[in-house]
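Enquirer: coords please:
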Amino acid sequence: MRFILGKKIGMTTIYNKENGALNITLIECLPNKIALIRTEKKDGYRAVQVEVSKTKKKSLRREFVISREEKDSFKKGQEIELDIFKLNDTVDVAGINKAKGFQGVMKRHGFHGSPASHGHRHDHRAPGSIGSAYPQHVIKGKKMAGRMGGTRSTVKNLKIVYIDKDNNLIGLKGSIPGVSGRMIEIFAK
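Expert: Just a heads-up that it's a prediction; the model follows:
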């Protein structure tokens, strides 16, 4: 298992002769330090806790589960750098996606809305009926308006198309979750 924490810089386009224009997301991956190693004997599972500085005063820690064979290859205080990944590797990226605030049912759940005529005057974006006469309450889990986004999401099988070891930058083909400046996890099996 290969993993690193990074900060999303933003999206850009790079050009090459084979593929033409590629829309990529740039991620700054400063060296990560292994802060803690969890063992099956002590904690009940095997994992490595990685730490990276977020700002001058704050740092971020994330755990990655490792296999039994990999447990001896990690040491506390060891640094994980960008050279664990190569061009054309396939990785998964996890992070907190953009928060959209309070949204209606059309944007949040993809409802089609009411017809524009035949008795509908001001309810084109309304959800419609939300229940029946029995039971006399709204069923739990009913799709309704509410807060949208701001949850953890994972994008799988992104290809590494750009690596700049001098500036600690990695470029992934496509988009990844979150706003620019947000910390994300990159991992490959």
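
Enquirer: Does residue 30 touch residue 54 like I think?
Expert: No - using CB atoms under 8 Å, residue 30 makes no contact with residue 54, being 9.9 Å away. In this view, the C-beta of every residue, glycine as well, is placed from N, C-alpha and C.

Enquirer: which residues are common contacts for these two?
Expert: Shared contacts of residue 30 and residue 54 (CB atoms under 8 Å, 6 or more residues apart in numbering): residue 7.

Enquirer: show me where this structure has helices.
Expert: Assigned by DSSP state H, the chain shows helices spanning 40-43, 105-109.

Enquirer: Mind listing the residues bridging to residue 94?
Expert: In this entry, residue 94 is beta-bridged to residue 154, residue 185, by DSSP bridges.

Enquirer: check contacts around it.
Expert: Taking CB under 8 Å, 6+ apart as the test, what residue 94 contacts is 152, 153, 154, 155, 177, 184, 185, 187.

Enquirer: Export these to CSV and append columns for distance to residue 36, pLDDT and neighbour count.
Expert: CSV is the format used below for these (distance: CB to CB, whole Å; pLDDT from 0 to 100; neighbours: other CB atoms under 10 Å):
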residue, distance to residue 36, pLDDT, neighbour count
152, 21, 97, 11
153, 26, 97, 14
154, 23, 97, 13
155, 27, 97, 18
177, 26, 95, 19
184, 20, 95, 22
185, 16, 96, 20
187, 17, 94, 17
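
Enquirer: Tell me the one of those residues nearest residue 122?
Expert: Taking CB to CB as the measure, residue 122 lies nearest residue 153 of the contacts of residue 94, at 34.7 Å.

Enquirer: who touches the closest one in this structure?
Expert: Here residue 153 is in contact with 94, 95, 96, 97, 177 (criterion: CB under 8 Å, 6+ apart).

Enquirer: hmm, back to that, how about the contacts of residue 94 in TSV, adding distance to residue 8?
Expert: Listed next are these as TSV, based on distance: CB to CB, whole Å:
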residue	distance to residue 8
152	14
153	13
154	14
155	12
177	9
184	6
185	11
187	15
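
Enquirer: quick one: residue 2 from residue 24, how far?
Expert: Separation of residue 2 from residue 24 (CB to CB, to the nearest Å) stands at 20 Å.
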